[in-house]
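Novice: below are the sequence and a predicted model for it; my questions follow.
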Amino acid sequence: MRRAAIAVIVLVVFGTLFVAVGAPLWVSWAGIPSEVRVFPGTELLLNVQLPFRLFDEAGSDVTGDTRQFSFQADELGTKKYLVSLFGILPVSELVVDVVPLVRVIPGGQSIGVLLSTHGLRVRDVVGVRGLDGNEYYPARDGGIQPGDVIVSIDGQDIHRPEQVSYLVNAAAEQKGELTVVIRRNQRLYTRRIRPIRSRRINMFGEAAELYLLGILLEDPAAGVGTLSFYDPKTRRYGALGHPITDASGREMLIDGGSIVEASIDSIRIGSRGAPGEKLGFFHGEQDLLGTIDYNSEFGIFGTLAVVPQHPYFSEPIPVAFSHQVREGPAEIYTVITGNRVERFAVDVVKVMNQHRPSDKGLVIQVKDPRLLQHTGGIVQGMSGSPIVQNGMLIGAVTHVFVNDPTRGYGSFAEWMVYEAGMASDLPAKSTAAGRFFFACSEPLKCGIIMLAAIGGTHHERQNASAGSNRIRRTRRRQ
């Protein structure tokens, strides 16, 4: 008898645990999301299947006899509802967020990107031939290794390669040794290096003597990209869809920079196994479009100095939540010649059910015959090109499939809006499962900016960054 009682108790305990652990999954399978976002002026209708019921914060059953939960979104704010099993056991929570609609103008314009990095990465350590004819390794002997980031020389912060040459030659004659601060594995170290005087032939064929450290530096100087979206009121913009990275694929830490007007001169057509590329040029700071604040997982973001005109959008359009994106026809906007933005037909062939920000939210396939003829599909330089569906900005191009250049990945516009700081009133990047999003029933207008990608990383062998004309990482000898 006692054993039977113990068995019943154990069954009850394990049954309770099973219900407690498994109930949230059952709630999701029953079609009840943990978070719902709606715009003001819309009505949310949600079928609540047995054995679940919904209760508001006052404890009232809002399920109704029809088993349909109705919510009228009138004011901004958050409402919480308790999901109960049989009206007895609380198993989950439904959060309804009424959020403001964000509007932006899609981009598509080609831009030049000029970066100001926090230090310069050492690509390699090399020998220097002195005036005596012997070979020396000043950087190696001073403790510098490939991959180190030179942060400062004699107390002067380093941002550009030409600074290194100037500082070394200005101080070496008098000091002999230089104090170099490097960053390695996120830690700072101080090194003492004695530059070597060497003879070099300049670009005019003239011989000159100068001091060298014996290092090759990565030059993050510039690259050509695509503007993705902007807000004409605040002038905030976003770009790329993925971060700017160095030659080793690591996200670059930048102090700022600028974007300028650019023009596409020609295109190297993509083919299976060999992604194509936009070949463009820009003149420099005299054609300044805006500043760069930071480089993130979803590209570069900053503020425009000049608001560009768009041939297709005179007014902002809505930004779609990720769960409003559907498989089917869409358009991308990009430049394939000169500086003229054009519209091209694509299909959204796959939409990821993302519960947290990620740069691969959807897969698109180019359908436009003219774009296929001129580029072969998606090429480097299109990264950040805005994707529009049903009058809403849904994302930006990020990567091309190496083995099928007609297909590529895109980031959701929703995540880029967060990064641009244009949706501060929206709930912070939720990780809740099973979110549903509902658009306004009326025609809406919105506006945001996304910038095209520059230099990216290769992913999983089957796709590569669609970043335009990757940053020219020339090896600067110093």
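Specialist: Perfect, I can see it now.
Novice: which parts of the stretch 301-450 of the chain are helices?
Specialist: Ranges of helices within the stretch 301-450 of the chain are 369-375, 413-420, based on DSSP state H, counting those that start in this stretch.
Novice: what's in contact with the last one?
Specialist: Spelled out, it's helix 413-420. Contacts to helix 413-420, defined as Cβ atoms under 8 Å, 6 or more residues apart in numbering, come from residues 102, 104, 228-229, 231, 236-238, 241, 296-299, 301, 319-322, 357-359, 361, 386-387, 393-396, 423, 426, 428-429, 448-450. All C-beta spots, glycine's among them, are computed from the backbone N, C-alpha and C.
Novice: same thing with the first one?
Specialist: Contacts of helix 369-375 from elsewhere in the structure, counted by Cβ under 8 Å, 6+ apart, are 267, 269-270, 276, 336-337, 344, 366, 377, 382, 406.
Novice: deepest of the helices of the stretch 301-450 of the chain, which one?
Specialist: Most buried of those, by mean neighbour count (mean count of other Cβ atoms under 10 Å): helix 413-420, with a mean of 27.
Novice: got the CA positions of that helix in CSV?
Specialist: Only the C-alpha atoms of helix 413-420 are listed here, as CSV (Å, rounded to 0.1, in the frame of the first residue of the first chain):
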residue,chain,number,x,y,z
ALA,A,413,15.6,45.3,-42.4
GLU,A,414,14.2,45.0,-38.8
TRP,A,415,17.6,44.1,-37.4
MET,A,416,19.4,46.9,-39.3
VAL,A,417,16.9,49.4,-37.9
TYR,A,418,17.8,48.5,-34.4
GLU,A,419,21.5,48.9,-35.2
ALA,A,420,20.9,52.3,-36.8
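Novice: mind checking the end-to-end distance for stretch 140-151?
Specialist: Using Cα to Cα, to the nearest Å, one end of stretch 140-151 lies 17 Å from the other.
Novice: let's have the chain start at 897 instead
Specialist: Yes, from this point I'll number from 897; that puts the last item at stretch 1036-1047.
Novice: buried residues in it?
Specialist: 1036, 1038, 1040, 1043-1047 (16 or more other Cβ atoms under 10 Å).
Novice: the helix or strand containing residue 1133 pairs with which strands?
Specialist: Applying DSSP states H and E as the criterion places residue 1133 in strand 1132-1135. Strand pairing for strand 1132-1135, using DSSP bridges, gives strand 1118-1126 (antiparallel), strand 1195-1200 (antiparallel).
Novice: rank those strands by pLDDT, which is bottom?
Specialist: Mean pLDDT is lowest for strand 1118-1126 among the strands paired with strand 1132-1135, at a mean of 85.
Novice: now do that strand against helix 1309-1316, angle only.
Specialist: In terms of direction (axes from the mean of the first three to the mean of the last three Cα atoms, to 10 degrees), strand 1118-1126 departs from helix 1309-1316 by 110 degrees.
Novice: may I have strand 1118-1126 as PDB, with CA atoms only?
Specialist: Taking C-alpha atoms only, strand 1118-1126 is exported to PDB below (Å, rounded to 0.1, in the frame of the first residue of the first chain):
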ATOM      1  CA  ALA A1118      38.600  52.500 -48.900                       C
ATOM      2  CA  GLY A1119      36.200  50.400 -50.800                       C
ATOM      3  CA  VAL A1120      33.100  50.800 -53.000                       C
ATOM      4  CA  GLY A1121      29.700  49.900 -51.500                       C
ATOM      5  CA  THR A1122      25.900  50.400 -51.900                       C
ATOM      6  CA  LEU A1123      23.600  52.700 -49.800                       C
ATOM      7  CA  SER A1124      20.800  50.600 -48.300                       C
ATOM      8  CA  PHE A1125      18.400  52.900 -46.500                       C
ATOM      9  CA  TYR A1126      18.100  56.300 -44.600                       C
END
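Novice: the stretch 1047-1196 of the chain: strands as residue ranges?
Specialist: For the stretch 1047-1196 of the chain, the strands defined by DSSP state E, counting those that start in this stretch cover 1052-1053, 1074-1080, 1083-1089, 1092-1097, 1103-1108, 1111-1114, 1118-1126, 1132-1135, 1150-1157, 1159-1164, 1173-1177, 1184-1192, 1195-1200.
Novice: and the shortest one, what's its mean pLDDT?
Specialist: Strand 1052-1053 shows an average pLDDT of 86 in the prediction.
Novice: now do stretch 1203-1223
Specialist: Stretch 1203-1223 comes out at a mean pLDDT of 90.
Novice: in that stretch, what's buried?
Specialist: Within stretch 1203-1223, the residues that qualify as buried are 1203-1204, 1206, 1209, 1212-1221, counting by 16+ other Cβ under 10 Å.
Novice: tell me, how many residues neighbour residue 970?
Specialist: A count of neighbours around residue 970, defined by other Cβ atoms under 10 Å, yields 11.
Novice: and if you look at residue 1274?
Specialist: 34.
Novice: which one, of the strands of the stretch 1047-1196 of the chain, ends up nearest to residue 1029?
Specialist: Nearest to residue 1029, of all the strands of the stretch 1047-1196 of the chain, is strand 1092-1097, at 10.2 Å by Cβ to Cβ.
Novice: right, I'll call it a day here.
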